[in-house]
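# my questions are about this predicted structure, shown below with the sequence.
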Amino acid sequence: MRRRLACLILLALASCAPAAPLQPAIIVSATARSSATPALTRTLPTLVPSASPSPAAAGTAAAPVQTPSPTPVCGAGWCSVTGHFFLQAPIAGSYGEQVDPTYRYSSTDGGQRVPHTGVEFQAPEGETVRAAGDGQVLQAGENTGSRFASLGEEYGNLVIIRHQFAAWPEPIYTLYGHLSRVDVSAGDWVEAGQQIGRVGDTGIATGPHLHFEVRVGAQLLTQNPELWLLPSVQPGGERDGAIAGRVVDQDGKLLEMHDIDLKRQADPGNPAPLPVYLQSYATTSLPVDAAWNENFAAGNLVPGVYRITTIIDGQLDARDVTVFPGRLTLVDFGPGAGPTSSDGE
Ligand SMILES: [Zn+2]
């Protein structure tokens, strides 16, 4: 795996945005998480293949992907749902189309760091950083003087914006770290896409990049930003989709730091797409999405049929799922996830 250079750390165990100082505030039990947003329930327990799945749910055909209806479309062990993609990429253009795939949310960079509390956008010094949504600036500049001050100085110059979306019961916070320049002040109202600063390497970072976090509610629970960012639009005009799920052992226990491969079926006449390599979250104590309860996720996936594989106790487990444009595919996966793990084999 490529060594990630932008976030090399001066402290032995700190990440570029360390989780450790946050833990008293953000580690909650599953019960506490679910009580924080009682209106939202996990969709996956209903992941029973429907009696009459849509044609798209067949899963193995390389047929053109069609956008399903707003209601869930389910196949063998997966469902495609409407995500809560309320945020837009904080960096425009090609730099904003993909988070650093080697250091996703919860990654420990191969066990070298505490779990990552956000994602990275690799971009050069001075690249414009934009508000991910409409909201009010809570903090701008050095990380002092607010309840976020407990996060420490590792973020360098940062901006924190508070958002309130009609479709979500709690405030959403976005955080932009390591900025070389801050262009807004606390109290400012900003619109999605508005310039709020510039990429830099302030704080604990040895190279310029944007550290981006999404936090939810009064407890400031970290979330996987890939489940909140609206997937990108491809040059052909089609929007990407996303996947979230859980990989579990035969007892249904979540597997930590477990390798998961996603391979999209090639379009006829085209070479096979490059696989996407994921790893399940490093710890079950890191907050996860109250709606999805995932332990792995990836955004900005080209729509199509994906074969997801993992090896559990020496056994290859594979399943085919469909990713639709602008939607989220949920999948429970592994020998304890239900009767469908060998479907398609
Ligand atoms: Zn980071």
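Ah, there it is.

# per-domain residue ranges of the chain.
Domain assignment for the chain by automatic domain parsing gives 20-31+86-227, 44-84+234-333.

# around the ion, pick out the residues from the stretch 151-300 of the chain.
H211 (Cβ under 5 Å from the ion). Quick note: C-beta positions are derived from backbone N, CA and C, even for glycine.

# the helices in the stretch 151-300 of the chain, which residues?
Secondary structure of the stretch 151-300 of the chain (DSSP state H, counting those that start in this stretch): no helices present.

# for it, which residue gets nearest to the ion?
With Cβ to the ion as the measure, H211 is the residue of the stretch 151-300 of the chain nearest to the ion, at 3.5 Å.

# could you dump the domains of the chain into a markdown table with mean neighbour count and mean pLDDT added?
Shown next, in a markdown table, are those (neighbours: other Cβ atoms under 10 Å; pLDDT from 0 to 100):
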| stretch | mean neighbour count | mean pLDDT |
| --- | --- | --- |
| domain 20-31+86-227 | 20 | 87 |
| domain 44-84+234-333 | 18 | 82 |
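
# list the beta-bridge partners for the residue of the stretch 151-300 of the chain closest to the ion.
Under the criterion DSSP bridges, H211 forms beta bridges with E120, G177.

# wait, doesn't it sit right on N143?
No. With contacts counted by Cβ atoms under 8 Å, H211 stays clear of N143, the gap being 11.8 Å.

# who are the contact partners of the residue most central in space within the chain?
Geometric centre of the chain, nearest residue: E226, 2.5 Å, by Cα atoms, centre = their mean. E226 makes contacts with V99, R104, Y105, V119, A242, A297, A298, G299, N300, as judged by Cβ atoms under 8 Å, 6 or more residues apart in numbering.

# right, and the fourth one touches Q98 too?
Yep, that's V119 we're talking about. No. With contact defined as Cβ under 8 Å, V119 does not count as touching Q98 (9.7 Å).

# any idea how far apart the tips of stretch 110-125 sit?
One end of stretch 110-125 sits 26 Å from the other (Cα to Cα, to the nearest Å).

# the stretch 151-300 of the chain: strands as residue ranges?
Applying DSSP state E, counting those that start in this stretch to the stretch 151-300 of the chain gives strands spanning 157-163, 172-179, 181-182, 189-190, 195-198, 210-216, 221-223, 241-247, 259-264, 276-279, 296-301.

# nearest to D317, out of the ones you listed?
Nearest to D317, of all the strands of the stretch 151-300 of the chain, is strand 241-247, at 8.4 Å by Cβ to Cβ.

# show me how far the closest one is from its chain's centre.
From the chain centre to the centre of strand 241-247 is a distance of 9 Å (Cα atoms, centre = their mean, to the nearest Å).

# shared neighbours, H211 and N143?
Y155.

# pretty sure R327 is in contact with H84, am I right?
No. Using Cβ under 8 Å, R327 is not in contact with H84; the gap is 11.3 Å.

# ok, the closest residue to A167 other than its chain neighbours - contacts?
Closest residue to A167 in three dimensions, ignoring its sequence neighbours and counting by Cβ to Cβ, 6 or more residues apart in numbering: H84, at 6.8 Å. Shown in contact with H84 (Cβ under 8 Å, 6+ apart): A167, W168, L227, W228, A291.

# show the pLDDT at the fourth one.
According to the prediction, W228 has pLDDT 97.

# now the phi/psi pair for E127, please.
Main-chain torsions, E127, degrees, to the nearest 10: phi -60, psi 140.

# okay but it is in contact with Y95, surely?
Yes. In this structure E127 lies within contact range of Y95 using Cβ under 8 Å: 6.2 Å.

# among the strands of the stretch 151-300 of the chain, which is nearest I311?
Of those, nearest to I311 by Cβ to Cβ is strand 259-264, at 7.4 Å.

# go ahead and name everything in contact with that closest one.
By Cβ under 8 Å, 6+ apart, the residues outside strand 259-264 that reach it are 243, 247, 272-273, 275-280, 296, 298, 301-302, 304-311, 323, 333.

# mind redoing it with 10 Å?
62, 243, 245, 247, 272-280, 295-296, 298, 301-311, 317-318, 320-321, 323, 333-334 (Cβ atoms under 10 Å, 6 or more residues apart in numbering).

# sheet partners, orientation included, of it?
Its sheet considered, strand 259-264 pairs with strand 276-279 (antiparallel), strand 304-312 (antiparallel) by DSSP bridges.

# check the spacing between I311 and H258 real quick.
Noted for I311: a distance of 9 Å to H258, by Cβ to Cβ, to the nearest Å.

# repeat that for I312.
As judged by Cβ to Cβ, I312 and H258 stand 8 Å apart.

# any common contacting residues for those two?
Taking Cβ under 10 Å, 6+ apart as the criterion, I312 and H258 both touch V247, V248, D249, F333, G334.

# and those residues, which two are furthest apart?
Farthest pair in those (Cβ to Cβ) is D249 and F333. Separation: 10.8 Å.

# any residues in contact with both of the two?
Counting by Cβ under 10 Å, 6+ apart, the contacts common to D249 and F333 are L255, H258, I312.

# who are the contact partners of the last one?
Taking Cβ under 10 Å, 6+ apart as the criterion, I312 is in contact with V247, V248, D249, Q250, L255, H258, F333, G334, P335, G336, S341.
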